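**Q** The amino acid sequence is not available; the structure is as follows:
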């Protein structure tokens with residue numbers, strides 16, 4: 001029993017680390033639980049239990065060790081890390097990686113920063129704003145104004161979110177800036193359709209992945225996680241809508 005105990009603790013820590021990385025990077029709840037269970041089963045522990053919510057992970061093994069809990073304080077979107085962790089899970093299942101090797105790789109992944117440079121994020125948000133405008137049947141005359149408004153709004157979102165770690169407040173202020181910028185461009189005669197410019201510019205702020213994960217978790221039977229993610233997406237939509245509504249109310 002004493003020889004198996006360190007191995008059991010090692011497997012628990014490995015599973016929790018994999019689940020933590022995936023949950024922090026935007027993976028669905030059912031995917032996190034399935035990955036943790038598969039890793040434990042591949043390392044000789046077939047009877048494991050995991051309970052995952054957007055803010056925490058509980059993992060236990062039948063009759064050996066007490067359950068362990070990990071709190072999740074920050075969540076972002078990094079699907080590349082999710083893909084890499086899934087790849088490591090498959091290698092463990094096939095026997096290509098030992099638990100020690102997998103743990104070291106996961107530690108490296110957790111510390112790594114695969115986020116695109118800020119200027120690329122701003123450029124992508126700006127260009128996508130113009131493309132969304134055209135998708136919503138806007139005019140070509142408004143393509144450049146939408147790019148400007150979307151880029152300025154995203155810069156505002158990043159800057160405020162770095163100052164105040166409240167995502168909803170940052171999204172609210174960014175939508176206010178988007179509304180003011182769009183109104184100013186139309187007032188100066190640079191833009192034509194105010195509504196289309198605003199719609200295209202706020203799309204980079206819309207929580208598309210969060211909404212998708214909420215629906216997928218609900219369909220998979222994870223009601224707590226699905227409802228909480230849906231509520232978070234609803235609050236984000238309210239923050240964006242309120243910011244735009246305030247601009248229209250004054251102008």
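**A** Yep, that arrived. Predicted model, so just to flag it, every value in this text is computed and none were measured.
**Q** So which residues of this structure form helices?
**A** For the chain, the helices defined by DSSP state H occupy 4-24, 29-42, 79-94, 99-111, 118-135, 143-163, 167-187, 194-202, 208-219, 223-250.
**Q** Find the residue at the geometric middle of the protein.
**A** Centrality entry for the chain: nearest residue to the mean C-alpha point is residue 77, 3.1 Å, by C-alpha atoms, centre = their mean.
**Q** for the residue nearest to that one when sequence neighbours are not counted, phi and psi?
**A** In this structure, residue 77 finds its nearest non-sequential neighbour in residue 26, 4.4 Å apart by C-beta to C-beta, 6 or more residues apart in numbering. Backbone N, C-alpha and C define where each C-beta goes, glycine included. The phi and psi values for residue 26, taken as degrees, to the nearest 10, are phi 100, psi 20.
**Q** ok, now how distant is residue 26 from residue 86?
**A** Residue 26 is 13 Å from residue 86, where distance means C-beta to C-beta, to the nearest Å.
**Q** ok, now how distant is the nearest residue to residue 241 once chain neighbours are set aside from residue 167?
**A** Of all residues beyond its chain neighbours, the one nearest residue 241 is residue 175 (7.6 Å), with distances taken as C-beta to C-beta, 6+ apart. Here the distance between residue 175 and residue 167 works out to 13 Å (C-beta to C-beta).
**Q** Ok, residue 135 next?
**A** If you measure residue 135 against residue 167 using C-beta to C-beta, the figure is 25 Å.
**Q** Compare residue 175 and residue 167 (neighbour count), which wins?
**A** residue 175 (26 against 18; other C-beta atoms under 10 Å).
**Q** From residue 16, how far off is the more buried one?
**A** Spatial separation of residue 175 from residue 16 under the definition C-beta to C-beta is 37 Å.
**Q** do the same with residue 115
**A** Distance from residue 115 to residue 16, by C-beta to C-beta: 23 Å.
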